[in-house]
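Novice: Fold the following.
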Amino acid sequence: MTVFLVGAGPGDPGLVTVRGARLLGRADVVVYDRLVHADLLGLARPGAELVDVGKRPGDSVSQEAINALLVARGRGGGCVVRLKGGDPFVFGRGGEEALALRSAGVPFEVVPGVSAAVAVPGAAGIPLTHRGLASGFSVVTGHGAGGEPDAANWADLARPGHTLVVLMGAGTRATLADRLLGAGRDPATPVAVIAWGTYPAQVVERTTLGDLASSTLGPPVTIVVGEVAALELEWWSRRPLAGQRVVVTRAADQAGELLQELAELGAEVVALPVIALAPPSDGGRALRAVSASLASADWVVLTSANGAARLLEAVPDARAFGRARIAAIGPGTAATLAAAHLLADLVPPEYVAESLLATFPSPPPGGGRVLLVRAEVARDLLPEGLRRLGWEVEVVPAYRTVRPGADPAALASARGADWVTLTASSTVTGFAALIGGASAFSGRVAAIGPVTAEAARRAGFRVDAEASPHTIPGLVEALVRAVAQHQSGRP
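Specialist: As a prediction, the model looks like this:
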């Protein structure tokens with residue numbers, strides 16, 4: 001029975017602490033603020049109750065109500081995580097919540113977070129201290145108890161050689177400037193106004209203290225006042241995919257690697273699963289039956305990591321493969337097998353059915369048997385090609401793809417995206433159906449391979465990036481190259 005006051009960091013979900021992420025993974029209840037990134041809520045264990053107490057203009061949950069909620073949930077037992085932006089004890093009112101819990105006799109722990117006061121300037125390339133420019137810094141709120149900048153000694157804060165960081169100051173920037181100017185700070189003092197710091201949408205506006213009142217950036221805003229604000233060591237906006245909104249269409253349980261890689265390269269990522277995996281129409285009967293006769297086959301051919309995973313679930317022991325050799329369509333499928341201590345005997349140089357057929361051996365004298373484990377609906381190219389080589393082919397459906405429901409917010413964001421990543425022909429069909437056809441999407445396509453690219457073109461999409469090799473890392477590399485070419489004006 002403990003309430004954990006956890007700092008969520010400044011915005012970027014990658015800046016949450018390891019301890020904070022672990023607590024989210026075992027929380028029974030998560031009480032969270034408005035600006036907490038949705039990806040952090042995704043770390044909560046399945047079934048955890050998510051309670052939104054974010055403060056919004058004209059629609060705020062009072063601090064007293066939040067305190068009472070934490071006390072009630074804490075007394076109810078289990079693991080309660082109070083997820084707060086930045087650090088709980090830096091203008092996060094975490095101290096008030098801790099006092100309320102202590103007064104009620106409810107155990108609590110504080111898990112510090114990365115404060116926006118330090119992280120946001122860092123992401124904007126502004127060191128808060130720098131030899132010869134600033135030997136210290138102060139942090140104040142731009143929205144104190146009276147709704148205005150709240151500081152005890154403006155003369156001290158206005159001294160040269162000192163950096164001032166203002167949190168929550170979007171609406172009071174004119175008052176802030178007046179007070180610093182009135183305390184003697186030079187109107188020419190450099191100022192940086194940073195909106196949506198550490199988010200993909202981060203914007204940095206450079207101005208001076210004398211012109212701060214005319215800044216137009218809206219909240220959430222972090223303001224840096226001082227000589228260091230003139231330093232432009234920005235790296236955030238120079239990441240390869242900064243400023244690009246990219247849709248990921250993979251099934252939710254498979255999208256993690258791609259989502260993470262794109263986000264780390266600076267993209268604003270929209271998760272819009274257009275397919276989900278379901279058992280085959282026969283409920284897996286054929287897969288279970290064939291798992292008992294693997295050893296009698298000459299080859300087991302797997303055309304996806306999904307098919308490999310489903311087959312391994314049905315096989316009680318890797319020794320069931322006997323002397324059968326295994327072909328994997330690509331390294332992702334081979335990696336799934338390797339995790340079960342099975343090494344693929346054949347991985348074609350190009351990760352498509354055509355390349356697999358070109359490298360597949362002929363059957364032995366008297367013929368041979370191939371078990372082709374794949375999606376329930378797929379191209380006939382591979383089984384027909386294997387039969388033309390002389391093999392007896394049994395097609396075993398391991399799974400089927402179905403269309404999940406779409407989140408309306410994600411769908412709206414996807415329609416205005418710069419790119420969509422498509423990893424199979426089924427994602428082409430699913431994405432087109434969700435957004436209302438290719439004409440409803442003005443962005444471009446990054447396809448994992450030629451088959452997917454051709455399917456996208458036939459559907460009316462513009463394909464500007466095609467992975468080689470046909471893997472997730474290859475897809476990311478192709479997207480980065482295409483964005484660089486587009487930004488440089490090269491065709």
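Novice: The helix or strand harbouring Val191 pairs with which strands, and in what direction?
Specialist: Element membership of Val191, judged by DSSP states H and E, is strand 190-195. Each strand that strand 190-195 pairs with, and the sense of that pairing, follows from DSSP bridges: strand 203-208 (antiparallel), strand 221-225 (antiparallel).
Novice: ranking those strands by burial, who's on top?
Specialist: Between the strands paired with strand 190-195, the one whose residues have the most neighbours on average, counting mean count of other Cβ atoms under 10 Å, is strand 221-225 (a mean of 27). In this view, the C-beta of every residue, glycine as well, is placed from N, C-alpha and C.
Novice: buried set for the helix or strand just after it?
Specialist: Read in the C-terminal direction, the helix or strand following strand 221-225 is strand 245-248, with elements assigned using DSSP H and E. Of the residues in strand 245-248, those buried by neighbour count under the rule 16 or more other Cβ atoms under 10 Å are Arg245, Val246, Val247, Val248.
Novice: Just the CA trace of the longest strand anywhere in the chain, in PDB.
Specialist: Using DSSP state E, we find that the single longest strand of the chain is strand 392-402. Below are the C-alpha coordinates for strand 392-402, written out as PDB (Å, rounded to 0.1, in the frame of the first residue of the first chain):
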ATOM      1  CA  GLU A 392       4.900 -31.700 -53.100                       C
ATOM      2  CA  VAL A 393       3.600 -28.600 -51.200                       C
ATOM      3  CA  GLU A 394       1.300 -28.500 -48.200                       C
ATOM      4  CA  VAL A 395       0.200 -25.000 -47.400                       C
ATOM      5  CA  VAL A 396      -0.400 -24.500 -43.600                       C
ATOM      6  CA  PRO A 397      -2.300 -21.400 -42.500                       C
ATOM      7  CA  ALA A 398      -0.700 -20.100 -39.300                       C
ATOM      8  CA  TYR A 399      -2.600 -16.900 -38.800                       C
ATOM      9  CA  ARG A 400      -4.800 -14.400 -40.500                       C
ATOM     10  CA  THR A 401      -4.900 -10.700 -40.600                       C
ATOM     11  CA  VAL A 402      -8.000  -8.700 -39.500                       C
END
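Novice: and that strand, what does it pack onto?
Specialist: Contact here means 3 or more Cβ pairs under 8 Å, 6 or more residues apart in numbering; DSSP states H and E; on that basis strand 392-402 packs against strand 276-278, helix 285-291, helix 305-314, strand 369-375, helix 381-388.
Novice: about what we covered before: nearest to Pro160, out of the strands paired with strand 190-195?
Specialist: Put simply, out of the strands paired with strand 190-195 the one that sits nearest Pro160 is strand 221-225, at 11.1 Å, with distance taken as Cβ to Cβ.
Novice: Identify the residues contacting the closest one?
Specialist: Here strand 221-225 makes contact (Cβ atoms under 8 Å, 6 or more residues apart in numbering) with 116-117, 120-121, 124, 126, 128, 142, 163-170, 173, 176, 180, 185, 189-195, 197, 209, 212.
Novice: State the distance from Gln254 to Ala459.
Specialist: Spatial separation of Gln254 from Ala459 under the definition Cβ to Cβ, to the nearest Å is 22 Å.
Novice: just to revisit the earlier point, out of the contacts of strand 221-225, which are inside helices?
Specialist: Ala116, Ala117, Val120, Pro121, Arg173, Leu176, Leu180 (DSSP state H).
Novice: Neighbour-wise, which one of those leads?
Specialist: For the ones in helices among the contacts of strand 221-225, counting by other Cβ atoms under 10 Å, the largest number of neighbours falls to Val120: 32 neighbours.
Novice: Who are the contact partners of it?
Specialist: With contacts taken as Cβ under 8 Å, 6+ apart, Val120 has the following neighbours: Pro10, Gly11, Ile194, Gly197, Thr198, Thr222.
Novice: try it again with 7 Å
Specialist: Pro10, Ile194, Gly197, Thr198, Thr222 (Cβ atoms under 7 Å, 6 or more residues apart in numbering).
Novice: what's the answer for Val203, then?
Specialist: If you count contacts by Cβ under 7 Å, 6+ apart, Val203 has them with Ala195, Trp196, Leu217.
Novice: how about a cut-off of 6 Å?
Specialist: With contact taken as Cβ atoms under 6 Å, 6 or more residues apart in numbering, Val203 is in contact with Ala195.
Novice: same deal with Ala267?
Specialist: Ala267 makes contact with Leu241, Gln244, Val246 under the criterion Cβ under 6 Å, 6+ apart.
Novice: Would you convert these into a markdown table that also reports pLDDT?
Specialist: Listed next are the contacts of Ala267 as a markdown table, based on pLDDT from 0 to 100:
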| residue | pLDDT |
| --- | --- |
| Leu241 | 94 |
| Gln244 | 94 |
| Val246 | 96 |
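Novice: With distance to Thr471 added, can I get those in CSV?
Specialist: CSV is the format used below for those (distance: Cβ to Cβ, whole Å):
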residue, distance to Thr471
Leu241, 18
Gln244, 20
Val246, 17
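Novice: Going by distance to Gly390, which of these wins?
Specialist: Minimum separation from Gly390 among these (Cβ to Cβ) is found for Val246, which lies at 44.5 Å.
Novice: That closest one and Leu265 touch, don't they?
Specialist: No - using Cβ atoms under 6 Å, Val246 is not in contact with Leu265, being 9.2 Å away.
Novice: Can you classify Leu337 as helix, strand or coil?
Specialist: Here Leu337 takes the helix state, with states given by DSSP: H, G, I helix; E, B strand; the rest coil.
Novice: Which pLDDT value belongs to Pro491?
Specialist: Per-residue confidence (pLDDT) for Pro491: 58.
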